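sharing a model prediction with you, sequence too.
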Amino acid sequence: MSEKNFLGALRTLCEIEVARAPARHSLQTQKCLTLARFMPWSQANWTDSEREHVSGCRYCQRMMALVWREECPRLWTLVKYKYAMGTFPFDEAMRFHVDRDGCPRCSRILNSPLIDRLKNLVAQGADLAGSAVAAYGEVASAAEFASIKRPALHIRDTSEDGLLVSTLLETAEGLLVLHVESPDRKNIGRRVVAEVISESGSLLRVELELVSAGEFGCRAEHAYGRIRDLPWSRENFVFLVRWLGEAG
Ligand SMILES: [Zn+2]
Ligand SMILES: [Zn+2]
């Protein structure tokens, strides 16, 4: 969703909520963040005091849940919620999203063995802010109506810091292709590892080196072969791309 569409949809959502609520919500405080501060691209720039306020404020947690109603939390956020109970800063917002809003996508992911596999990677030191990660399959499409013809696979994620963009897609010929991009030319020559992990534990792992893409930064590409020949193609899976080694 584009920034403009996202803001428009949220504004509508908030107008509905506000129309139902008293002039000022009883939980709202002077320190509460504005709606714009909750946009995914603004959250990365929260100050420590904003972060601290949100983690302890019921009104702001509610706002966070409203934002998630438009666009679900990232996979990493779900991993952090499930395994850092008590220290996760958006506990109440997540409970609202899963229990009260009943989000089918996030409920499925939270109950999937895939989340354990991601947790293990985190335990081994995978960098949360610098990795691109997305889910595909039943977990990702649980909210949609089942269709006879499966749509072409196309999943994409941008790391929290915006420096790694990964797309896994199915071509018209039925090939599974991976594209990795970074807007920063400083990353030319750096290596990434891309993993596809299925629910049954199958792992597809490739290492790639980023080459110059001119003024667009750098990129790498890999073709896995025909998607229907891949053993896990009928399973749910997660797709994770992360840096190998530190930035130069
Ligand atoms: Zn607040
Ligand atoms: Zn959700």
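Arrived safely. Ligands and ions are numbered 1, 2, ... in the order given.

ok, the residue positioned nearest the centre of the chain to ligand 1 distance?
Among the residues of the chain, the one closest to the centroid is Arg74, at 2.6 Å (C-alpha atoms, centre = their mean). Taken as C-beta to the ion, to the nearest Å, the spacing of Arg74 relative to ligand 1 amounts to 22 Å. Where you see a C-beta, it was placed from the backbone N, CA and C, and this is true even at glycine.

same deal with Gln28?
7 Å.

tell me the secondary structure of the closest residue to that residue other than its chain neighbours, please.
Residue nearest to Gln28 in three dimensions, not counting chain neighbours: Tyr59, with 4.7 Å by C-beta to C-beta, 6 or more residues apart in numbering. With DSSP: H, G, I helix; E, B strand; the rest coil as the basis, Tyr59 sits in helix.

next, count neighbours for Tyr59.
The burial count assigned to Tyr59 is 18, neighbours taken as other C-beta atoms under 10 Å.

cool, Val206 as well?
Other residues near Val206 come to 15 when the count uses other C-beta under 10 Å.

for it, helix, strand, or coil?
When states are read from three-state DSSP, the local structure at Val206 comes out as strand.

now do the contacts for it.
Contacts were defined as C-beta atoms under 8 Å, 6 or more residues apart in numbering; by that measure Val206 touches 178, 193-194, 222, 224.

which parts of this structure are helices?
Taking DSSP state H as the criterion, the chain carries its helices at 3-20, 40-43, 48-56, 58-70, 75-83, 91-95, 104-110, 114-123, 138-141.
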